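Participant: sequence-free structure coming up:
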């Protein structure tokens, strides 16, 4: 109670100075909490998407274009949710644990999310189909990571 009485007794000019100082301190603390990354940064997240069951060839690639494979996992029993680009044959074997790796990198004026599907031991990995050109595919991948 005495603190409140002392604050009331302060001159308005001093009170305003203290309020401005407090606002500046809070703004500095808030800004440092919002943007913790440096100018050049890398963020990697990885999420389990199931055990590999099977694939279906969606598009035959030309001599310079990769093939598109739809992947079926133990958590997604239908084709068409996870698609990957691959040159050559599918490298996953049945019951491989599959992870979706989401990588964010920022360098100067450029920043980008990339997506890869990889095996549990990280020896076999493929780029996810459609993430470079289609915002609806990108948002469906974001939903896999529970990103709003």
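Facilitator: Perfect, thanks for sending it. Keep in mind that what you see is a predicted model, and the values were worked out from it rather than measured. Residues are numbered from 1 along each chain as shown.
Participant: I'd like the next helix or strand past the strand ranked longest in the chain.
Facilitator: The single longest strand within the chain, with elements called by DSSP state E, is strand 41-59. Later in the chain than strand 41-59, the nearest helix or strand by DSSP states H and E is strand 67-73.
Participant: that following strand pairs with which strands?
Facilitator: When pairing is defined by DSSP bridges, strand 67-73 lines up against strand 41-59 (antiparallel), strand 82-86 (antiparallel).
Participant: could you give the average pLDDT over it?
Facilitator: For strand 67-73, mean pLDDT rounds to 88.
Participant: can you give me the domain boundaries for the protein?
Facilitator: Residue ranges for the domains of the chain, per automatic domain parsing: 2-34, 41-144.
Participant: which helices and strands does the helix or strand where residue 111 lies pack with?
Facilitator: Assigned by DSSP H and E, residue 111 belongs to strand 110-119. Where contact means 3 or more C-beta pairs under 8 Å, 6 or more residues apart in numbering; DSSP states H and E, strand 110-119 is packed against strand 97-107, strand 125-127. Backbone N, C-alpha and C define where each C-beta goes, glycine included.
Participant: any chance of the ones you listed in JSON lines, plus mean neighbour count?
Facilitator: Compiled in JSON lines, the helices and strands packed on strand 110-119 are given as follows (neighbours: other C-beta atoms under 10 Å):
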{"stretch": "strand 97-107", "mean neighbour count": "17"}
{"stretch": "strand 125-127", "mean neighbour count": "18"}
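Participant: in a strand, residue 21, correct?
Facilitator: No - applying DSSP: H, G, I helix; E, B strand; the rest coil, one finds residue 21 to be helix, outside a strand.
Participant: tell me how many other residues surround it.
Facilitator: By the criterion of other C-beta atoms under 10 Å, residue 21 has 10 neighbours.
Participant: rewinding a little: which positions within the longest strand of the chain qualify as buried?
Facilitator: 49, 50, 52, 53, 55 (16 or more other C-beta atoms under 10 Å).
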